[in-house]
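Colleague: next comes the sequence, and after it the predicted model I'd like to discuss.
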Amino acid sequence: MTTVKLDLNKKIWPFLIVLSLGMQIVWPDKIWMIFLVGMTGIFILSYFWARSLRKNLLLTREMRFGWSQVGDRLQERFNLSNKGWAPATWIAILDHSDLAGYEASTIAKIGGNGFQHWFRSGVCSRRGLYTIGPTSLRTGDPFGIFTVSIKYLATTNMVVVPPVIALPAIEVAPGGRIGEGVRVVKTLDQTVTASGVREYRPEDSLRFIHWPTTARRDEFFVRTFDSTPASDRWIFLDLFQEAQAGREEQATEEHGIILAASLANRALENGKGVGLALHGETLTWLPPCLEESQKWAIMRALAMAQTGELSLKAFLERTRKSIKHRSSLVIITPDLSGEWLDPLGLLMRRGIVPTVLLIDAAAFGGEGDVKRVEEGLMALGAEHYLIGPEFLDGVETRFVDLGQDDAPAQLEPRKVPWRSIAW
């Protein structure tokens, strides 16, 4: 939708024209006639100039990708055309997008029957759901008598998913390892669950080709399977506001989200279904699944996740009966109160095997005794890892393939068509 306005800036002009006409009638003189003809001519010329701009200026903006990963570069193309005779000597283009750190506002000009385009880019520095647009345009005649205002109200959403890192060895029991873990006997027989991929060999069946990896690496890869029984894999992310510490990228909240994204991505890449539960501003409950859409659902949920009021203890108590027997449960939490250890023990009695990624909130500037919580976990016999602020230092960030058509810039952007933000 587009709204167009033509406003008179200098309302004194009609008054001066009427005044000159009156003076010419009362006291006829050459000077009044010059004033009258000159001012009337400028006024009429300015009006038709501004009217031509109002009818013939068109701005469009295009982008290739509907989502990005933190660290990606967003690129837009702006197209400005003028199908009228009157040139625009100045155009103020104002971008009202809310993408953090992105600024596309600019000043331009264009001749009659002209066309031009330019690019704007910015780094996606923070995860979240953002709005690209609306856009407004202001211009006018060279004399400044009239102003043309055009508002392009159309917007499009831009999802910035969290970064995915190359995790060090983290054991997730009982369904094997994520990262470099113990070896399992791999076979191409169709057993219980896929455990990874490897390069295609002539003797392999074509039905085991893993097409996402094949497309990404431009050579054939096949799925490998292990013979261990498949169990539900859950990732529980603790976003209890009072348990968080640190600020911006150096916050426990962001570390937890990156860990959750990386664990989920690795599991799904290795052919293992995984579910996500987080209790933040809103409840997210994504049951374990191995479909292509699961990765996108998890990354989108993590992109929009915000802290909330529900503690990990209360969350474990509420969801205890929803987790199947013998499920694998990864808990990512900065909660050093230890209050959630008792509900965790009840889950373990039901045969649920946890792996706890304990984020040391005290090292992020928060409060609590991490050693006491570690002792409690060891007493329960729960596998756990201590995560400090230095955990993400120097790790490799990986591109995550979400299986969407509008993939980000790492996938040869010249081969991805521009998509217009419809006005």
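Modeller: On my side now, so go ahead.

Colleague: contacts, neighbours, all on C-alpha from now
Modeller: OK.

Colleague: now do the helices in this protein.
Modeller: Secondary structure of the chain (DSSP state H): helices located at 12-26, 30-56, 211-217, 252-269, 292-303, 312-319, 341-349, 370-380.

Colleague: in CSV: those, plus distance to Asp360.
Modeller: Listed next are these as CSV, based on distance: least, C-alpha to C-alpha, whole Å:
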stretch, distance to Asp360
helix 12-26, 69
helix 30-56, 60
helix 211-217, 36
helix 252-269, 8
helix 292-303, 21
helix 312-319, 15
helix 341-349, 16
helix 370-380, 6
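
Colleague: in JSON lines, list those helices along with distance to Ala108, mean pLDDT and mean neighbour count.
Modeller: Shown next, in JSON lines, are those (distance: least, C-alpha to C-alpha, whole Å; pLDDT from 0 to 100; neighbours: other C-alpha atoms under 10 Å):
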{"stretch": "helix 12-26", "distance to Ala108": "27", "mean pLDDT": "80", "mean neighbour count": "15"}
{"stretch": "helix 30-56", "distance to Ala108": "14", "mean pLDDT": "91", "mean neighbour count": "17"}
{"stretch": "helix 211-217", "distance to Ala108": "40", "mean pLDDT": "78", "mean neighbour count": "14"}
{"stretch": "helix 252-269", "distance to Ala108": "39", "mean pLDDT": "93", "mean neighbour count": "24"}
{"stretch": "helix 292-303", "distance to Ala108": "35", "mean pLDDT": "93", "mean neighbour count": "21"}
{"stretch": "helix 312-319", "distance to Ala108": "53", "mean pLDDT": "94", "mean neighbour count": "17"}
{"stretch": "helix 341-349", "distance to Ala108": "61", "mean pLDDT": "95", "mean neighbour count": "17"}
{"stretch": "helix 370-380", "distance to Ala108": "57", "mean pLDDT": "95", "mean neighbour count": "15"}
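
Colleague: check the residue nearest in space to the middle of the chain and give its pLDDT.
Modeller: Central residue of the chain (C-alpha atoms, centre = their mean): Val160, 1.3 Å from the mean position. Val160 carries a pLDDT value of 94.

Colleague: ok, it touching Gln69?
Modeller: Yes: using C-alpha atoms under 8 Å as the test, Val160 is close enough to Gln69 to be in contact (5.1 Å).

Colleague: how close does Leu341 get to Met348?
Modeller: In this view, Leu341 and Met348 are 10 Å apart by C-alpha to C-alpha, to the nearest Å.

Colleague: I meant Asn79, not that one.
Modeller: Asn79 is 60 Å from Met348, by C-alpha to C-alpha.

Colleague: so Gly71 makes contact with Arg127?
Modeller: No: under the criterion of C-alpha under 8 Å, Gly71 is not in contact with Arg127, lying 9.5 Å apart.
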